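J.: Fold the following and give me the result.
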Amino acid sequence: MSSVSSASDMEEDCILLPLTEIEVVEEEEESTSSDSAEEIPSSVSKQRRVSLASIRRQRKLGTLASLRPASQPISIPAREQRQTPVVSIPVKNWRIAIQKAREFVKNSPNAWQKFGLEKHATEKATRHRYNALRKSWSEDTVLVKMEDEPFDHGAMRECFRLKKLSNFSRSLDWNRASNYVAKRYIEKVDRDVYFEDVKLQMDAKLWGEEFNRHDPPKKVDIMQVVMLEFKDRPGSPLYHLEHFIEGKYIKYNSNSGFVEDESLRCTPQAFSHFTFERSSHNLIVVDIQGVGDLWTDPQIHTKEGTDYGDGNLGTKGMALYFHSHACNRICKALNLTPFDLSNTEIASLERAQFIQYVWFQTSSKTILRGSEEIVIDPRLKNTGDITLFLRQRSESPRNSPRVSESEDVAMSTSVSPPYSPIDFLDDDPFAASLRRLRSDSENSSVTRGRVRYDSEMSDCFDDTMSPEEEAEHEEFARRQVSRPSCVTLEVNFRRMSLIQGQLTGGSVLGEVHLEMAKYHENGRFAPQQGLNMLHQEEVDWDSAIFHLEKAAVCGVLEAIVALARMFLQLPHDVLEGAHVENTEENTNRGVDYMRMAAVAGDRSAMIYLANGYHTGIGLGTEREIDWVEATRWYSQAVSQSGEDEEGCYDATMEDPAYVLMAKEAELYRQGGHGLERDPERAAELYNEAAELAMAAMKGRLASKYFMIAEECWGEMEE
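T.: The predicted structure is shown next:
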């Protein structure tokens with residue numbers, strides 16, 4: 001009885017104890033229960049189940065098993081085997097690369113050990129960092145040691161060796177601190193310039209990551225740059241801080257048109273072209289330089305030309321780049337469209353090495369805004385007759401056969417007769433291509449996965465982005481809409497963008513072509529043997545008029561007015577030295593362009609058309625006197641007191657409003673040529689003209705208008 005009660009007590013104890021983990025253990029020796037005379041089979045003893053719930057449970061497990069038949073072993077679930085996570089091959093490769101990099105850094109000698117930076121005093125500095133996605137600044141405190149004297153300098157800045165301890169370092173071992181380069185301006189500049197430089201490079205780095213997202217053959221990275229402020233020093237001086245990189249430093253292109261031999265590197269030139277298209281022509285990243293594909297000190301040209309310091313040359317800088325850029329295999333792989341160049345310019349690019357030696361050597365340096373112009377003495381400015389060139393251009397009919405994307409997309413457009421940019425879109429041979437180019441964010445072939453390319457400026461390494469950073473980069477990429485560099489596709493893009501009936505303005509590509517035309521006129525692209533030979537060089541008028549026409553097709557009002565006045569034998573500011581024959585055909589072209597300018601809101605064009613329809617002078621053979629049209633354009637010229645489509649305003653007012661109103665009143669008083677006689681309307685216009693003349697201190701003229709108005713009122717009574 002006692003034995004039974006003790007067994008039941010043991011069972012009760014076992015039931016109350018929790019089981020946490022069970023393990024099957026193979027025993028080498030056979031054992032039997034001390035409370036049981038029956039021998040346990042060897043098969044059971046080798047797979048005895050042992051409870052790890054508690055020590056007391058392990059001691060009582062054998063007694064509990066003796067109370068049960070051997071054929072009914074304790075039913076305890078077996079332990080689940082843990083599965084080793086599968087690691088992908090790219091992750092393995094990255095881990096191997098990281099391990100090798102750590103071993104290399106650990107075993108490689110310190111390049112700056114001989115300079116003894118560890119002996120310099122430790123300083124606290126405030127580090128300012130810029131987030132290009134969030135457009136925000138952050139700051140923290142770092143410990144640095146910096147040399148007192150610069151070890152190198154450029155045209156604008158000088159460089160100092162510096163060591164910085166990581167904020168995550170557990171020791172103050174300066175021998176293991178990273179090497180950096182601190183840069184400051186030689187001449188004193190405003191403190192905002194330092195912040196703008198950091199903002200520029202970090203924005204350029206963002207475009208480098210966008211370039212990598214499109215899976216180019218070679219990935220690129222632009223070094224992170226921060227700003228250090230030494231508040232403990234007098235004046236709290238500022239320095240730019242970059243990681244020191246070893247290797248051959250190469251300048252692949254500049255902000256003034258220099259391009260390194262493309263047989264050496266294609267990626268830097270394709271990257272600049274990519275930023276122009278991917279940003280919808282809003283900017284272009286140039287001045288690419290660095291070691292391999294790790295770049296530093298870039299420059300950004302924007303369409304406004306106002307941000308990113310004095311190195312931002314705006315559309316002028318874009319024109320300088322594209323004049324010396326020929327698309328390479330990487331441009332084609334990224335589906336970038338070629339920029340339109342004339343045959344002469346294409347031939348010049350084929351002789352790039354010779355031109356580099358003669359001319360590019362002087363243009364490889366970075367230039368500042370305001371110093372990029374080459375001014376020619378007007379007395380020595382060349383003139384040229386472009387009639388033959390225009391005649392050759394007009395031989396190809398407007399309704400020419402369609403061309404495929406693989407053919408010459410830079411095919412010139414006929415200028416006979418000129419047409420509205422909307423009229424150009426009757427045929428859409430590139431519509432399918434344009435839809436593919438409109439938004440790469442909708443293209444499934446674009447790589448969505450992204451790898452973070454942290455430079456050594458980061459205090460910690462992470463091979464992937466955080467979810468927040470990934471979402472911010474995706475949003476940035478989604479906002480970008482690619483815009484082609486080809487004029488034909490640009491005009492199609494303008495129509496598909498539905499610019500609310502606006503025929504001119506809004507085309508950065510057209511502005512770039514206009515700047516290229518002006519550069520040709522100034523001799524900027526002429527092969528030079530030196531500045532002394534500048535005035536003797538022939539201006540490439542064919543290329544100049546080529547780009548002027550491209551600008552007009554893109555809807556640049558200044559180019560349209562220049563072509564109109566050129567064909568009509570009127571003085572013009574753009575391509576002043578170019579002239580054409582005075583023929584009926586050219587006159588008709590000029591009137592067509594003048595009408596396009598008038599529709600776009602150019603006041604001088606309105607006045608020209610009004611006078612032409614009034615007198616019949618300068619209308620060509622395709623139009624005749626029409627006083628209805630004359631009164632319409634007179635009225636629009638009078639009411640044009642604001643800006644045209646490009647934001648320009650005729651401040652000279654060569655034809656005052658009261659003079660135009662008097663001419664319109666004269667037409668209503670006489671009637672004819674399709675206009676019904678209306679003395680009442682004439683009297684009203686004369687009265688308004690008189691009041692405006694009086695306000696302009698033209699008393700005698702105002703009295704004349706008042707007197708004619710009274711005569712008109714008398715004609716009404718008759």
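
J.: what helices or strands is the longest strand along the chain leaning on?
T.: Secondary structure of the chain per DSSP state E: the longest strand is strand 136-146. Contact analysis of strand 136-146 by 3 or more C-beta pairs under 8 Å, 6 or more residues apart in numbering; DSSP states H and E lists strand 123-131, strand 157-164 as its packing neighbours. Any C-beta I mention is one placed from the backbone N, CA and C, and that applies to glycine too.

J.: ok, and for the helix or strand following the last one, which residues are buried?
T.: Past strand 157-164, heading to the C-terminal end, the next element that is a helix or strand (DSSP states H and E) is strand 178-185. Burial within strand 178-185, assessed by neighbour count using 16 or more other C-beta atoms under 10 Å, is assigned to Ser178, Asn179, Tyr180, Val181, Ala182, Lys183, Arg184, Tyr185.

J.: what do you get for stretch 692-701?
T.: Within stretch 692-701, the residues scored as buried using 16+ other C-beta under 10 Å are Leu692, Ala693, Met694, Lys698, Leu701.

J.: Do I have it right that Tyr668 meets Ala662?
T.: No: distance between Tyr668 and Ala662: 10.9 Å, which falls outside the contact criterion (C-beta atoms under 8 Å).

J.: quick one: the helix or strand where Asp192 lies to strand 136-146, angle?
T.: Element membership of Asp192, judged by DSSP H and E, is helix 191-213. Angle, helix 191-213 to strand 136-146, by axes from the mean of the first three to the mean of the last three C-alpha atoms, to 10 degrees: 100 degrees.

J.: Tabulate the CA atom coordinates of helix 191-213 in CSV.
T.: Taking Å, rounded to 0.1, in the frame of the first residue of the first chain, the C-alpha atoms of helix 191-213 are listed here in CSV:
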residue,chain,number,x,y,z
ARG,A,191,29.9,81.3,-45.2
ASP,A,192,26.8,80.3,-47.2
VAL,A,193,29.2,79.3,-50.0
TYR,A,194,30.4,76.4,-47.9
PHE,A,195,26.9,75.2,-47.3
GLU,A,196,26.0,75.5,-51.0
ASP,A,197,29.1,73.4,-51.9
VAL,A,198,28.0,70.6,-49.6
LYS,A,199,24.4,70.8,-50.9
LEU,A,200,25.8,70.6,-54.5
GLN,A,201,27.9,67.5,-54.0
MET,A,202,25.2,65.6,-52.0
ASP,A,203,22.6,66.4,-54.7
ALA,A,204,25.0,65.1,-57.3
LYS,A,205,25.5,62.0,-55.2
LEU,A,206,21.8,61.4,-55.3
TRP,A,207,21.9,61.5,-59.1
GLY,A,208,24.7,59.0,-59.0
GLU,A,209,22.4,56.6,-57.1
GLU,A,210,19.7,57.2,-59.6
PHE,A,211,22.1,56.4,-62.4
ASN,A,212,23.0,53.1,-60.6
ARG,A,213,19.4,52.3,-60.3
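
J.: Determine the set of other helices and strands touching that helix.
T.: Checking 3+ C-beta pairs under 8 Å, 6+ apart, helix 191-213 ends up next to strand 123-131, strand 221-222, strand 226-229, strand 238-243, helix 267-278, strand 299-302, helix 467-479.

J.: Okay, angle between it and strand 178-185 too, please.
T.: Between the axis of helix 191-213 and that of strand 178-185 there is an angle of 130 degrees, by the same axes, to 10 degrees.

J.: tilt between helix 191-213 and strand 123-131?
T.: Going by the same axes, to 10 degrees, helix 191-213 makes 50 degrees with strand 123-131.

J.: Give the buried residues for helix 191-213.
T.: Neighbour-count burial for helix 191-213 [16+ other C-beta under 10 Å]: 194, 196-213.

J.: Of all the helices and strands packed on strand 136-146, which one is nearest Gly601?
T.: Smallest distance to Gly601 across those (C-beta to C-beta): 40.5 Å, for strand 123-131.

J.: So what touches that closest one?
T.: Outside strand 123-131, the residues that touch it by C-beta atoms under 8 Å, 6 or more residues apart in numbering are 136-146, 195, 198-199, 202, 226-233, 241.

J.: Tell me which of the helices and strands packed on strand 136-146 is the most buried.
T.: Looking across the helices and strands packed on strand 136-146 with neighbours counted as mean count of other C-beta atoms under 10 Å, the highest average goes to strand 157-164: a mean of 21.

J.: ok, then the element right after the longest strand of the chain?
T.: Helices and strands here follow DSSP H and E; after strand 136-146, the next one along the chain is strand 152-153.

J.: which strands and helices sit next to that next one?
T.: For strand 152-153, the contact count by 3+ C-beta pairs under 8 Å, 6+ apart identifies strand 157-164 as packing neighbours.

J.: What are the contacting residues of the strand it packs on?
T.: Applying C-beta under 8 Å, 6+ apart, the contact partners of strand 157-164 are 112, 115, 117-118, 142-147, 149-153, 174, 177-186, 239-241, 244.
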